[in-house]
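Could you work out the structure for the sequence below:
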Amino acid sequence: QVQLVESGGGLVQTGGSLRLSCAASGLTFSSKRMNWLRQTPGKEREFVATINWNGVYTSYADSVKGRFTISRDNAKSTVYLQMNSLKPEDTAVYYCAVGLPGNYNNWGQGIQVTVSS
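This is a model prediction of the structure:
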């Protein structure tokens, strides 16, 4: 059974940095497209970033482009989201997900990121 476990969230001040990790098990991680999404109360979950199986292709939401970096370590079955220059509007629950954008097969439980102003 597929398990995705996010870690690395927390409280940070505006302008600070956090690195999220998502450890995967129960799947052939090295062949999977991986994604980060986020959700705030009352809003739909929104796409943040995606990375292909070997890390060559990445894509970002306009709102995070230039500040966030998605990466992966296939040997560790882990995908990362480095978040720099954080803003209060980045406050959300962040999720990792497997699959092509818009067609996600599995989700993590989510982790809270709070950016104070």
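
Can you pull the phi/psi pair for S30?
phi -70, psi -10 (degrees, to the nearest 10).

just D90 next, same as before
Torsion angles, degrees, to the nearest 10, at D90: phi -80, psi -10.

And for it, the neighbour number?
Neighbours of D90 under the rule other CB atoms under 10 Å: 22. To be clear about C-beta, it is placed using only N, CA and C from the backbone, and glycine gets the same treatment.

now swap in the one 10 residues further on and tell me
L100: 12 surrounding residues under other CB under 10 Å.

now do the one 5 residues further on
Other residues within reach of N105, judged by other CB under 10 Å, total 12.

Tell me which helix or strand comes right after whichever strand or helix holds it.
Assigning secondary structure by DSSP states H and E places N105 in strand 103-107. Scanning forward in sequence from strand 103-107 by DSSP H and E, the next helix or strand is strand 111-116.

Any buried residues in that following strand, and which?
For strand 111-116, a neighbour-count test (16 or more other CB atoms under 10 Å) marks I111, V113, V115 as buried.

ok, so of the residues you listed, who is nearest A49?
Comparing these against A49 with CB to CB places V113 closest, at 13.6 Å.

still on that earlier bit, which single one of the buried residues of strand 111-116 is nearest to E6?
The closest of the buried residues of strand 111-116, once distances to E6 are taken by CB to CB, is I111, at 4.1 Å.
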